[in-house]
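K.L.:
have a look; sequence and predicted model below, questions after that.
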Amino acid sequence: MRISGRGSDISGTVTVPSSKSFSQRCILYAGFSETEARIGPLAFSNDENIAIDIIRNCGLNLVISGSYIDISGKFNCPSLINVGESGTSYRISLGMLAARGCRTEITGDRLLAARPIKPLVESLERCGAIFEFKPDGFPVIDSNGINMKNCLIDGSLSSQYVTSVVMASSLKADQSRIHVIGRTVSPDYLKITEASLELFGVTAGRDGDYYTVTRKPRPEKLKIEIEGDFSSAAVMLVLGVLGSDHGIRVKGLNRKSIQGDSIIVKMLADAGSHISWESDPEGDCIVCRKSDLKKITVDADRYPDLAIALSITGIFSPEGVEILNPGRLRLKESDRLDALVKMAGRYGSHIDLSDDCLEIRPGEGIKPSNITVYSKDHRIIMAEVCAMVLSGSTGLIKFHHEVSKSFPAFFWELEKLSVDVKP
């Protein structure tokens, strides 16, 4: 894919994909709990497709109608599931396979196998699951006789570990209690877990270091509407406040969303950007226009995806950006911290990096250039493309298809903004 930087004002209307944080949780829980459900609209991102394939391998009946999927049928323990490179589906599935008493072999992308999983494995082992790790780094789980009424989980490395145990425990008992130790990172994702479970008649309430999970009778059939994804919207919003005189309209988002990354609207507004919610006959949308931004500070521990999008403001806004706890970015799909430092360096930015903070400030002047992006990380690719557009550079995106992990229509949406995109 080739990108040519702006020759005219970038403006127009874009629609963001479904929140895969919500959709993966709902798809997997519907399947593992045998709840008949219609879920959508979906973007059918790679991560969503992984969740769909997992429950298909569990014997569920699936019917796709446009952007919706209908799920019904009985659960059967799968002998094998492929989690691809979806950390969310991998971790949630481990807990729920354990709760269903399955013996299942896990396979997937080698890079995902290298990412941390030990705290979740240890938690499930204490509940009675047995893990045997294969040469590819993925396990075979055997969980016959597991007891998940009183689990303990360390949430200091990933909130997904807590999500996995909380979701799984409701499958095993009408009420359970989970002890969470350590400072839970990315706590906003646990709100998504709680809201997703509530749709299925499950209450997950946290009091200090403990979750109490209560399962009520499940509804006979659900229709679940999936809202747009603020993590994916972030790059479009940043593109608007840095480079659009006439404005970019971003559709598909929920004004009252509990997604943690919805904070980006406030962050940009507090930094002095022209950004606001508006309503039209099709619903709410966000409008953002070119602005002179003040310095933005973002904590990568709490908002790792926003840190990627907001890094672009460090290159192109006068006061730059401050990313706290940057080491958190090394634990994602790639070493995102290294990628951001290299990206900022290509545009002559001033970079100060310590264990506690990455600060990026604009250099003496940004000159358009020819750039080739080799990253296979969906969020890094989108950030790099936005930097190209803002700088007027041209470039080749070697692995452009990787954006399908979260935002399959990313390049199509860019074309709506008058960005020159060529296959």
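P.N.:
Arrived safely, thanks for sending. Residues are numbered from 1 along each chain as shown.

K.L.:
residues in contact with Val419?
P.N.:
Residues near Val419 by C-beta atoms under 8 Å, 6 or more residues apart in numbering: Ile3, Ser4, Arg6, Ile10, Val389. The way it works is simple: take the backbone N, C-alpha and C, and place the C-beta from them, glycine included.

K.L.:
any idea how far the last one is from Leu293?
P.N.:
When you say that, I think you mean Val389. Per C-beta to C-beta, to the nearest Å, Val389 is found 17 Å from Leu293.

K.L.:
the first one now?
P.N.:
Using C-beta to C-beta, one obtains 23 Å as the distance from Ile3 to Leu293.

K.L.:
so which of the contacts of Val419 sits lowest on pLDDT?
P.N.:
On pLDDT alone, Arg6 ranks lowest of those, at 74.

K.L.:
contacting residues around the spatially closest residue to Lys216 that is not a sequence neighbour?
P.N.:
Nearest residue to Lys216, sequence neighbours excluded (C-beta to C-beta, 6 or more residues apart in numbering): Gly201, at 4.3 Å. Counting by C-beta under 8 Å, 6+ apart, Gly201 makes contact with Arg215, Lys216, Pro217, Arg218, Pro219.

K.L.:
redo these as JSON lines? Include neighbour count.
P.N.:
Shown next, in JSON lines, are those (neighbours: other C-beta atoms under 10 Å):
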{"residue": "Arg215", "neighbour count": "20"}
{"residue": "Lys216", "neighbour count": "11"}
{"residue": "Pro217", "neighbour count": "7"}
{"residue": "Arg218", "neighbour count": "15"}
{"residue": "Pro219", "neighbour count": "13"}
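
K.L.:
just these: which are in strands?
P.N.:
Of the positions in the contacts of Gly201, Arg215 sit in strands, assigned by DSSP state E.

K.L.:
nearest to Ile248 among the contacts of Gly201?
P.N.:
Pro219 (38.9 Å; C-beta to C-beta).

K.L.:
can you tell me how far the closest one is from Gly205?
P.N.:
Distance of Pro219 to Gly205, given as C-beta to C-beta: 20 Å.

K.L.:
where's the residue of the chain most remote from its centre, which helix or strand?
P.N.:
For the chain, the residue at maximal distance from the C-alpha centroid (C-alpha atoms, centre = their mean) is Glu364, at 34.4 Å. Using DSSP states H and E, Glu364 sits in no helix or strand.

K.L.:
show me what contacts it?
P.N.:
Contacts of Glu364 (C-beta under 8 Å, 6+ apart): Gly348.

K.L.:
switch to 10 Å and redo it
P.N.:
Contacts for Glu364 (C-beta atoms under 10 Å, 6 or more residues apart in numbering) come out as Gly348, His350.

K.L.:
please apply the same query to Glu413.
P.N.:
Taking C-beta under 10 Å, 6+ apart, one finds 12-17, 232, 236, 248, 250, 407, 419, 421 in contact with Glu413.

K.L.:
burial of Trp125, as a residue count?
P.N.:
To be clear, residue 125 is Glu; Trp isn't right here. By other C-beta atoms under 10 Å, 15 other residues sit near Glu125.

K.L.:
just checking, it is part of a helix?
P.N.:
Yes - secondary structure of Glu125 (DSSP: H, G, I helix; E, B strand; the rest coil): part of a helix.

K.L.:
touching, it and Ile117? I think so.
P.N.:
No - with contact defined as C-beta atoms under 10 Å, Glu125 does not reach Ile117; the gap is 11.8 Å.

K.L.:
what do these two both touch?
P.N.:
Phe131.

K.L.:
just to revisit the earlier point, between the contacts of Val419, which is nearest Leu111?
P.N.:
Out of the contacts of Val419, the member with the shortest distance to Leu111 (by C-beta to C-beta) is Ile3, at 25.1 Å.

K.L.:
where do the helices sit along the stretch 201-350 of the chain?
P.N.:
230-243, 264-270, 304-316, 336-346 (DSSP state H, counting those that start in this stretch).

K.L.:
low-scoring stretches of the stretch 1-150 of the chain, by residue?
P.N.:
Within the stretch 1-150 of the chain, the stretches with pLDDT under 70 are 7.

K.L.:
endpoint to endpoint, stretch 311-325 covers what distance?
P.N.:
Distance across stretch 311-325, first residue to last, is 13 Å (C-alpha to C-alpha, to the nearest Å).

K.L.:
in that stretch, which residues are buried?
P.N.:
311-317, 319-325 (16 or more other C-beta atoms under 10 Å).

K.L.:
from these, which two are the most distant?
P.N.:
The distance between the two most remote of the buried residues of stretch 311-325 (C-beta to C-beta) is 23.0 Å, for Phe316 and Asn325.

K.L.:
can you list the domain ranges for this protein.
P.N.:
2-16+228-422, 20-215 (automatic domain parsing).

K.L.:
re earlier: including distance to Ile69, could the buried residues of stretch 311-325 go into CSV?
P.N.:
Output for the buried residues of stretch 311-325, formatted as CSV (distance: C-beta to C-beta, whole Å):
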residue, distance to Ile69
Ser311, 34
Ile312, 34
Thr313, 37
Gly314, 39
Ile315, 39
Phe316, 39
Ser317, 41
Glu319, 45
Gly320, 43
Val321, 38
Glu322, 41
Ile323, 36
Leu324, 38
Asn325, 37
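
K.L.:
what are the boundaries of the strands in the stretch 251-400 of the chain?
P.N.:
Taking DSSP state E, counting those that start in this stretch, the strands of the stretch 251-400 of the chain run over residues 274-280, 283-289, 296-299, 321-324, 350-353, 357-361, 370-373, 394-397.

K.L.:
just the CA trace of stretch 140-157, in CSV.
P.N.:
C-alpha atoms of stretch 140-157 as CSV (Å, rounded to 0.1, in the frame of the first residue of the first chain):
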residue,chain,number,x,y,z
VAL,A,140,-2.4,-28.1,26.5
ILE,A,141,-4.9,-27.4,29.3
ASP,A,142,-6.6,-30.2,31.2
SER,A,143,-9.1,-29.0,33.8
ASN,A,144,-11.3,-31.9,34.8
GLY,A,145,-12.4,-31.4,38.4
ILE,A,146,-11.5,-27.7,38.6
ASN,A,147,-13.0,-25.6,41.4
MET,A,148,-13.2,-21.8,40.8
LYS,A,149,-15.3,-20.6,43.7
ASN,A,150,-12.3,-19.0,45.5
CYS,A,151,-9.6,-18.0,43.0
LEU,A,152,-6.6,-15.8,43.5
ILE,A,153,-5.2,-13.8,40.6
ASP,A,154,-2.3,-11.3,40.2
GLY,A,155,-3.6,-8.3,38.1
SER,A,156,-0.4,-6.3,38.2
LEU,A,157,0.8,-7.2,34.7
